[in-house]
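K.L.:
A structural model of the following input is requested.
(chains A and B)
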Amino acid sequence: MLNGLGNLRTLSLVGLFGVLGFSSAFANEPPASEEPGSVSVRLYQFEGSLPSEDPNSSQWDSVPSSEFNLAPQVHWPPRIQEVTVKSVKVKGVHNGQEMAILVEYADPTEDAADAAALEFMVGDNPAHFAHGQEMLQVEGGPVNIWYWKNESGKAVDMSAKGFKTLETQPHQDIQAKGVWENGIWKVVFSRLLKTEDDQDVQVEEGEWKNVAFAFWDGAVVDGLVKEKGGQKAVSTWWYIRAEPSADNSIFGWVILGLVLATAFELVIVRKLRKGQAV
Amino acid sequence: MKGPIISGAIILAGMFIFLKFLLPLVTAPLPASLIYLYLALVLSGILIYGTMSASSLEAMMGPVFRFLSGKGQTGASQMARLAVLVMFPLLVGWQTYSRLVPSDLPPAENRTIHPAPPGEFVGLANPYPKTPENIMMGKGLYAAYCSPCHGANYDGKGPAAPGFNPPPANFSDPGTIAQLQEAYLFWRIKKGGVGLPVEGMPWKSAMPRWEEELPEEFIWKIIMGEYDGAHQTPRTWEEEE
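P.N.:
Numbering: from 1, shown residues only, chains lettered A, B, ... in the order given. Take a look at the predicted model:
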């Protein structure tokens, strides 16, 4: 027979077992699959120097890639209905100081006006993927654009907040190197994870940021460059992160959990054996 | 003796199967956290029922306590008790781990697909009559301006669609425009992705702000053409009430 106190104790004991059991069985959502089509770029940790200068470096071979579809820019005039670059493979690495991002895409001809760009949100306000254009109900932020063009052989560090506001930054912080071979462009962009420039995206290990892509096929068709300015292949925002180092403090907490649970059991069993509750 | 425990377990298992597997046959699957909440409610119901009187409490809890205390146990039940005592700390350890391990996944996208429209768009009626000419004109405009993203077949599979996240809406899906009023579409088409409130994540939307390019007349006619082409009808005020 049980008295009122025993009653309460029973309930809390059974409740605790129940909650723990159920939470482990059902409370964890299954992880979202990243296939098909990637949702993020991961900058994997590297020791030592990065393959920033050489898109063909064998160091890139072991780095897993993400792949993103691209669309003809039909969001805003001047539109284009058909573009050359349909998708891009992206790889990334960092060494705690610097990062390097490799984009690889098919373009059957090498042309002077071929170009590639990465875009990032800057600051805490979300920026619209189309050059940080104005949003009506949300205060948006600026974007940082890394623009590489074949004929200049280098990358330009740019900023925008709204259409027609694209400008070259006073402070140039990025490098890029492109190599075209057998119908494939490989372009590596590199920069320090963090810069002093508040027009730049700042990359913190472990923190998710937003990235978008744009590519121009500079082939000359009937005397005109096929894709330029707003006429390009684009994506909307995807995620990017510099992978953090492993955190071993978790195992301390797990051991604490094991110890507490065992102690809890010992107390309960002792009480029961002494016949206090039943 | 074990009656109440076993029937309680059967009720819980039945409830779980119902929520997890049977309900999704008729509606959208429930999120795991909601299933968990419902099961916790059922469990507390069972417990309250089982502990209402001293005798039902003894019937329900007596066997559990005797099992845990280990008094006078032999063979299989001794092994079972040991297994429970070993499993429990492991479960706690595993829970701790899975709660603390840093998520390797990008932030979850809790984007509201149909946020509330601004007040000035509520209750507007299409000022143009649904004549075959108007519908025809709307379809022509749709083909010119909308089909690159939303698709010539109104299915969201236009040639530009694969690059965009979120993808262009599929109007032939009963979850999009059939749920909406014409006034809502008028707002969405006029103001585009950038017109969404924060819960709609406007910064991700490729939906153009058509007021910059199309007169209102075109937008109303496109709406007619869109419903007709997608074989859907707009939601009306009467249904709302």
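
K.L.:
can you pull out the helices in chain A?
P.N.:
Using DSSP state H, the helices of chain A run over A:4-26, A:249-273.

K.L.:
With the flanking residues excluded, which residue is spatially nearest to B:A161?
P.N.:
Once flanking residues are discounted, B:A161 sits nearest to B:P168: 5.1 Å by Cβ to Cβ, 6 or more residues apart in numbering or on different chains. For every residue, glycine as well, the C-beta is placed using N, CA and C.

K.L.:
quick one: contacts for the residue of the stretch 51-200 of chain A found nearest chain B?
P.N.:
For the stretch 51-200 of chain A and chain B, the shortest gap (Cβ to the nearest Cβ) falls at A:A71, measuring 2.7 Å. Residues counted as contacts of A:A71 (Cβ atoms under 8 Å, 6 or more residues apart in numbering or on different chains) are A:V83, A:A233, A:V234, A:S235, B:P159, B:A160, B:A161, B:P162, B:G163, B:F164, B:A206.

K.L.:
thinking again about what came up before, you'd agree the residue nearest to B:A161 is in a helix?
P.N.:
No. Per DSSP: H, G, I helix; E, B strand; the rest coil, B:P168 lies outside any helix segment and is coil.

K.L.:
ok, and the helix or strand in chain B with the lowest average confidence?
P.N.:
Scoring the helices and strands of chain B by mean pLDDT, DSSP states H and E places helix B:237-240 at the bottom, with a mean of 53.

K.L.:
From what I see, A:P244 and A:G206 are in contact.
P.N.:
Yes. Using Cβ atoms under 8 Å as the test, A:P244 is close enough to A:G206 to be in contact (3.4 Å).

K.L.:
okay, and the common contacts of these two?
P.N.:
The contact sets of A:P244 and A:G206 overlap at B:P102 (Cβ under 8 Å, 6+ apart).

K.L.:
any idea how far the most centrally placed residue in chain B lies from B:L34?
P.N.:
With distances taken as Cα atoms, centre = their mean, the residue of chain B nearest its centroid is B:A28 (6.3 Å). Here the criterion is Cβ to Cβ, to the nearest Å. By it, B:A28 lies 11 Å from B:L34.

K.L.:
With A:L258 instead?
P.N.:
Counting by Cβ to Cβ - A:L258 and B:L34 are separated by 30 Å.

K.L.:
if you count what's nearby, which of these two comes out ahead?
P.N.:
A count of neighbours by other Cβ atoms under 10 Å in any protein chain shown puts A:L258 above the other of A:L258 and B:L34, at 18 against 12.

K.L.:
thinking the more buried one is in contact with B:Q95, fair?
P.N.:
No. With contacts counted by Cβ under 8 Å, A:L258 stays clear of B:Q95, the gap being 10.7 Å.

K.L.:
Extract the residue ranges of the chain that are flagged as low pLDDT.
P.N.:
No chain in the question, so chain A it is. Filtered on pLDDT under 70, chain A yields the residue ranges A:1-37, A:276-278.

K.L.:
That was the other one, I meant chain B.
P.N.:
Ranges of chain B meeting pLDDT under 70: B:1-2, B:237-241.
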